[in-house]
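# fold the following, please.
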Amino acid sequence: EVQLVESGGGLVQPGGSLTLACAASGFTLTNYAMGWVRQAPGKGLEWLSGINTGGDITTYADSVKGRFTISRDGAKNMLYLQMNRLQFEDTAVYYCNVVIFSYSHWGEGTRVTVSS
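Numbering: from 1, shown residues only. Next up is the predicted model:
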């Protein structure tokens with residue numbers, strides 16, 4: 001069974017940093033492209049970042065480019081999102097995502113609140 005479990009969210013002040021983690025099970029993370037998506041209060045899903053199967057190509061939404069970094073650890077089957085210079089607008093629930101055989105899998109998300 002494919003499972004994704006996000007962690008690492010919390011309350012942070014503007015300008016601060018957090019690292020989100022996504023523990024993957026039921027599949028080998030390095031065999032699939034993966035990504036991070038968020039949903040801010042009252043808004044729809046926003047794609048943030050992706051990493052390809054080879055792990056050597058990463059892409060970012062303009063809203064987070066230069067501030068967020070996606071990475072993975074194949075040995076641990078973990079996906080990460082390093083978030084720096086956090087802004088009020090980054091307040092959201094963050095999800096990791098993988099599509100396997102055309103089915104999109106999600107975790108339950110981890111909440112990030114940026115507040116002073």
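
# now do the lowest-mean-pLDDT helix or strand in the chain: distance to the chain's middle.
Taking mean pLDDT, DSSP states H and E as the measure, strand 103-106 is the helix or strand of the chain with the lowest mean score, a mean of 94. Averaging C-alpha coordinates over strand 103-106 and over its chain gives two centres that are 14 Å apart (Cα atoms, centre = their mean, to the nearest Å).

# same for it, what does it pack against?
Contact here means 3 or more Cβ pairs under 8 Å, 6 or more residues apart in numbering; DSSP states H and E; on that basis strand 103-106 packs against strand 92-100. To be clear about C-beta, it is placed using only N, CA and C from the backbone, and glycine gets the same treatment.

# any weak-confidence spans in the protein?
Along the chain, no part satisfies pLDDT under 70.

# how about the helix or strand following the least confident helix or strand of the chain: buried residues?
If you walk from strand 103-106 toward the C-terminus, the next helix or strand you reach (DSSP states H and E) is strand 110-114. In terms of neighbour count (16 or more other Cβ atoms under 10 Å), strand 110-114 has its buried residues at 110, 112, 114.

# and strand 110-114 with strand 92-100, angle?
150 degrees (axes from the mean of the first three to the mean of the last three Cα atoms, to 10 degrees).

# got the buried residues for stretch 32-48?
For stretch 32-48, using 16+ other Cβ under 10 Å, the buried residues are 32, 34, 35, 36, 37, 38, 48.

# and if you look at stretch 61-71?
Neighbour counts using 16+ other Cβ under 10 Å place 64, 68, 70 of stretch 61-71 among the buried residues.

# what are the ranges of the helices in this protein?
According to DSSP state H, the chain carries no segments that qualify as helices.

# at the geometric centre of it, which residue do we find?
In the chain, the C-alpha closest to the average C-alpha coordinate belongs to residue 36, at a distance of 3.2 Å (Cα atoms, centre = their mean).
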